[in-house]
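Colleague: Give the three-dimensional model of this entry:
(one chain, ligands or ions: 1)
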Amino acid sequence: MTITASGPIDLTDKFLGPGRKPPVHWMDLTPGQRIEAVAELGLPRFRAKQISTQWFSRLSNDPSSWTDLPVAVREQVADALFPTLLGVAQEQVADGGATTKIAWRALDGAIIESVIMRYPDRITICISSEAGCGMDCPFCATGQGGLQRNLSTAEIVWQVYEADRRLAAGEIAGGPGRISNVLFMGMGEPMANYKAVMAAVRQMHDPAPDGLGIGARGITVSTVGMVPRMRQLVAQDLPFTLAVSLHAPDDELRDEIIPLNKHFNVDAVLDAAWEYAAATKRRVTIQYILIKDVNDQTWRADLLARRLKARGDWGWFHVNLIPLNPTPGSKWTASRPADEQAFREHLERAGVPVSIRVARGREIDGACGQLASNLDASRGSRRGTVNPAR
Ligand code: SF4
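Modeller: Residues are numbered from 1 along each chain as shown. Down below sits the predicted model:
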């Protein structure tokens, strides 16, 4: 494991103060709004396309090097529309360079994190949608810190853009590459920041020069079950993958490990997932973190199979079993391998498509929110907020 204490961008002299909204960035704007933004600067409309081509197509993040723009215009555009939003607070590399975890510090001092994972056929980034999280799941490091604030569209896309840019330039451990897959499974509940997340997904998917051109099927948005938002997703004209973090097939246990279940129970969540699958013809992933002696009994595998089957064709659901990556000092820990296997076999026997996620980055605080909470703890901050004055 290697750790870089500070990354290439240092924001320490630019802090806005806790709770301040980030300034507007090019990546907050739609293609139409970008044209309006350059017009407001007194520039001709065609400049918007030139700028987007530099930013998205060439992955050039330094406006001073955009030689197709006059020097004065470069400065004007940089000042107005390209503020630096996130700096690297810490970077950790594990799995022989196959996993890189980045903790970012925002302009208000909030810490968020992303994880880049290399596989033989793809490079995936797991990103955050909020600083902290208000869902309060007791097994989760992020949940234990509470919600600080929603991220802006540009802060969400920034995580992917910067990873993609640095990968293309060979600046990330493991050699040059490009991001092919995005998972909204870092800090935060994406459906609780719905508008910004949908705008970010659209921008990641839009072909260059308007966006990063990542295939929608390579983008997965997860939720612990915000049913009204799941229903809204059907109307989005974007065929991304929906992942539902179920973690228990019965309300008694799910009420305990996913507090939101008291508002939207297992039946309501599975009904909404089924409606999404039926409407979009896209398979929904059911995520199930295996926690030792909590939710890993085979009778729960059987119950999960029955509840999925009750909604029709198996083909619309795929269960992804995830060994819990425990946080330090937590009473929750990963299932025994034998229990994990038995759980899987019961699902398979019932005909449920199932896989077990390979654990990544266990040596680098791999659980969601863990790196950020460690950084916070080291700075003596409370509820996951870094106080820049310290
Ligand atoms: S598991 Fe997800 S939804 Fe629950 S507290 Fe953690 S980040 Fe939030």
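
Colleague: Quick check, pLDDT for the closest residue to Glu130 other than its chain neighbours.
Modeller: The shortest distance from Glu130 to any residue other than its chain neighbours is 2.8 Å, reached at Gly188 (C-beta to C-beta, 6 or more residues apart in numbering). Where C-beta positions appear, they are placed from N, C-alpha and C, glycine not excepted. Reported pLDDT at Gly188 in the predicted model: 95.

Colleague: Over to Ile322?
Modeller: Among the per-residue scores, Ile322 shows a pLDDT of 90.

Colleague: Tell me the spacing between it and the ligand.
Modeller: Ile322 sits 11 Å away from the ligand, taking C-beta to the nearest ligand atom, to the nearest Å as the criterion.

Colleague: Just to check, that residue is in contact with Ile291?
Modeller: No - under the criterion of C-beta atoms under 8 Å, Ile322 makes no contact with Ile291, lying 9.9 Å away.

Colleague: Pick out whichever of those two has more residues nearby.
Modeller: Counted by other C-beta atoms under 10 Å, Ile322 and Ile291 do not tie: Ile291 has more neighbours, with 23 against 20.

Colleague: for that one, phi and psi?
Modeller: Note on Ile291: its backbone torsions stand at phi -110, psi 130 [degrees, to the nearest 10].

Colleague: ok, now Gln148?
Modeller: Torsion angles, degrees, to the nearest 10, at Gln148: phi -90, psi -50.

Colleague: wait, it sits on Ala131?
Modeller: Yes - taking C-beta under 8 Å as the definition, Gln148 is a contact partner of Ala131 at 4.1 Å.

Colleague: Could you tell me which residues of this protein lie near the ligand?
Modeller: Proximity of the chain to the ligand (C-beta under 6 Å from any ligand atom) is limited to residues Cys133, Met135, Asp136, Cys137, Cys140, Thr142, Gly143, Met187, Gly188, Glu189, Val224, Cys368.

Colleague: What subset of these is buried?
Modeller: Neighbour-count burial within the residues of the chain next to the ligand applies to Cys133, Met135, Cys137, Cys140, Thr142, Gly143, Met187, Gly188, Glu189, Val224, Cys368; the criterion is 16 or more other C-beta atoms under 10 Å.

Colleague: Just the CA trace of the one helix or strand the fifth one maps to, in CSV.
Modeller: Here Thr142, judged by DSSP states H and E, is contained in helix 141-145. Taking C-alpha atoms only, helix 141-145 is exported to CSV below (Å, rounded to 0.1, in the frame of the first residue of the first chain):
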residue,chain,number,x,y,z
ALA,A,141,-18.9,4.5,8.3
THR,A,142,-20.5,7.3,6.3
GLY,A,143,-23.9,6.9,8.0
GLN,A,144,-22.2,7.2,11.4
GLY,A,145,-21.0,10.7,10.5
